[in-house]
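[1] Next input, structure requested:
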Amino acid sequence: MIRVFKDTPFRHSRDCGHKTPILTLLETSTMKFLILTTFILSINAFQPVTVPRARITSCTPALNPRSTSKLTPPFNNPRCTLRMSSAAADDEGEGVSSAAVVNGETPSGGTASIPNEIFNLVKSIVGAGVLSLPAGIAAFGNAPSATIPAVILITIIGLFSGYGFSLIGRVCSYTGGKSYRDAWSESVGSDSSWIPAVTCTLKTCFAVLSYSMILADTMKALFMTATGIDITRTVALLGITTTTLLPLCLLKNLSSLAPFSLVGVTGMLYTSIAMALRYFQGVYKLGSPAVKATKTAAVPAGKFLADVATNYQPKFGNLGASGAMSPNVFILICMLSTAYMAHFNAPKFYIELKNNTIKRYNTVVGTSFGISVALFASVASLGFLTFGSASSGLILNNYASRDLLMNLSRVAVAISIVFSFPLAFVGARDGWLDLLKVPLDERSDSLLNNATLAILSVITLIATQLKELAFIMSFAGATLGNALIYVYPALMFKSAVRNMGEKASKGLKKEVPFAMFSAFLGVVMGGIGAKMALGML
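    Now for the predicted structure:
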């Protein structure tokens, strides 16, 4: 890709760090586009749709409809506003054939249109986790051609993740389940429903931990830009936690924070455009001296290179696409299991879709994951092509603190995480209270406050000690993400089809082996990925 642009009109800007009129226009247009997009998305977001909101890394699971504490709509029990009857009841009450019910074609559901569902599902999938993907490529390659297998893997994992998301919604259609745990209880059995509950709670804790780690790095860089003072990650994190995160997590009504989820998806879109501009401008490229023997002129370094720490400056080698044959590729694969994670909200998306036939639901899933694949591939490739094997676990760390274009990305990410953090945190806190079997009527304000202080303190302490976001993303994806995306949906689908008995169609029965194959892949990828992730410590 670098060679393609070497002899184009962009050469002057890449070699000398100056902006061509075209790039100046693009950079100005980007700012206008960000403002316009935010306005358009804001209009769309305030439509009366009760779909999952405010997520950067799919971190607000409804482990159990009873585990929502004192949250108000749309964060409380979805059963307060929606009815999901069983397949048998639909069959009898509406005169629908058993075959139609079994295949999920009974017209029912909520009020959300397909465009609304797509918009909200993309918001749920696309989060700050995408900023670690360039480091996933750097884990197995150091030459530009490593992006080729990386994009292929991003697409394949996206397809399998979308398939798992589809399976969960279909299981809810077959069984009447209204949450991830309900779907498990109605298919596999209630005695083991604690398994997905524990997994969802732990996964949410890892997500909150990654939020804290991102904020530590982001606030450190922004403080340096604003004041010129270089503070430590620990000071930055303690400052934002005590002054902002703790008060927000202590709130008993979080519905007012939902609109800030717009900053997340808008910020990721803006970041991908900004990364593209900086790559084509060549403002971070390494310089090279003149070579008399070949009469090659000296190439000056990019204008921002001197402001980048040595360990974050671009570094390239000769290991390209062939690096994907090494076990290190599983680090990227497991990162993707975290990046695509939105599966504990699949039941809500299915239930709240208007006329929620399987065909319409799959349209939502396919389109949303397709958009996410494109955005993930863009950010991962652009970050790696700019910095190579020096790509940080949080790619924004590679960009200079005086780079205004990328500082806007830091601001967007920081704002989005700050206001989404409480939503994810409440999911983790209430998940633990559910697992400890604390009744809702015993969850006093004092108990909730003490639980908040204890859990937030532990997470903050861990975040001050861990610096490698790529490890958290890959390890959590290898262990918990693979279970929630590949293994559990396949097991639920297999059990649901078995429970149908004679009503199960031949197509469903033939699909079971493929679903179990995806579960097998999840186990294999998880085992190898966890081992490789631990090697990063």
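
[2] got the residue ranges for the helices in the stretch 401-537 of the chain?
    404-435, 445-465, 469-476, 482, 488-500, 506-534 (DSSP state H, counting those that start in this stretch).

[3] Using CSV, please lay out the ones you listed together with mean neighbour count.
    (C-beta placed from N, C-alpha, C; glycine too.) Compiled in CSV, the helices of the stretch 401-537 of the chain are given as follows (neighbours: other CB atoms under 10 Å):
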stretch, mean neighbour count
helix 404-435, 23
helix 445-465, 15
helix 469-476, 27
helix 482, 27
helix 488-500, 22
helix 506-534, 16
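
[4] of all the ones you listed, which lies closest to residue 231?
    Evaluated with CB to CB, the helices of the stretch 401-537 of the chain place helix 445-465 nearest to residue 231, the distance being 12.7 Å.

[5] what residue ranges in the stretch 251-400 of the chain are flagged as low confidence?
    258, 261, 290, 295 (pLDDT under 70).

[6] Which parts of it are helices?
    Under DSSP H, counting those that start in this stretch, the stretch 251-400 of the chain gives helices at 261-281, 329-339, 346-352, 358-387.

[7] right, and those - which one's nearest residue 318?
    helix 358-387 (15.0 Å).

[8] okay, the angle between the closest one and helix 261-281?
    40 degrees (axes from the mean of the first three to the mean of the last three CA atoms, to 10 degrees).

[9] Go through helix 358-387 and flag the buried ones.
    358, 360-362, 364-373, 375-387 (16 or more other CB atoms under 10 Å).

[10] who wins for proximity to residue 109 among the helices of the stretch 251-400 of the chain?
    Residue 109 sits nearest to helix 346-352 of all the helices of the stretch 251-400 of the chain, at 6.3 Å, using CB to CB.

[11] returning to what we had before: will you turn the helices of the stretch 401-537 of the chain into TSV that also has mean pLDDT and distance to residue 394?
    Putting these into TSV (pLDDT from 0 to 100; distance: least, CB to CB, whole Å) gives the following:
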stretch	mean pLDDT	distance to residue 394
helix 404-435	88	9
helix 445-465	94	12
helix 469-476	86	5
helix 482	92	23
helix 488-500	95	29
helix 506-534	91	16
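
[12] of those, which approaches residue 194 most closely?
    Nearest of the helices of the stretch 401-537 of the chain (CB to CB): helix 404-435, 7.1 Å.

[13] So which of the helices of the stretch 401-537 of the chain is nearest residue 152?
    helix 506-534 (15.1 Å).

[14] Tell me which of the helices of the stretch 401-537 of the chain approaches residue 332 most closely.
    Per CB to CB, nearest to residue 332 of the helices of the stretch 401-537 of the chain: helix 469-476, 7.9 Å.

[15] any idea how far the next helix or strand after that closest one is from the chain center?
    Going down the chain from helix 469-476, the next helix or strand is helix 482, by DSSP states H and E. Centroid separation for helix 482 versus its chain: 14 Å, with CA atoms, centre = their mean, to the nearest Å.

[16] how deep is the closest residue to residue 471 other than its chain neighbours tucked in, by neighbour count?
    Closest residue to residue 471 apart from its sequence neighbours, by CB to CB, 6 or more residues apart in numbering: residue 536 at 4.6 Å. Using other CB atoms under 10 Å, residue 536 is surrounded by 16 other residues.

[17] Retrieve the pLDDT associated with residue 536.
    Confidence at residue 536, expressed as pLDDT, is 73.

[18] Need the phi and psi values for residue 112.
    Main-chain torsions, residue 112, degrees, to the nearest 10: phi -80, psi 130.

[19] Go through stretch 159-174 and flag the buried ones.
    160-174.

[20] Tell me which of these fall in helices.
    Assigned to helices by DSSP state H, the following of the buried residues of stretch 159-174 qualify: 160-174.

[21] Between the residues you listed, which sits nearest residue 463?
    residue 161 (26.4 Å).

[22] And the closest one, how far from residue 409?
    25 Å (CB to CB, to the nearest Å).

[23] Please apply the same query to residue 416.
    From residue 416 to residue 409 the distance is 11 Å (CB to CB).

[24] so what sits against both of those two?
    Applying CB atoms under 8 Å, 6 or more residues apart in numbering, one finds that residue 416 and residue 409 are jointly contacted by residue 267.

[25] how about the helices of the stretch 251-400 of the chain in a markdown table, adding distance to residue 298?
    Below are the helices of the stretch 251-400 of the chain laid out as a markdown table (distance: least, CB to CB, whole Å):
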| stretch | distance to residue 298 |
| --- | --- |
| helix 261-281 | 19 |
| helix 329-339 | 36 |
| helix 346-352 | 56 |
| helix 358-387 | 21 |
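
[26] Looking at the ones you listed, which is nearest to residue 442?
    That would be helix 346-352 among the helices of the stretch 251-400 of the chain, by CB to CB, at 26.3 Å.
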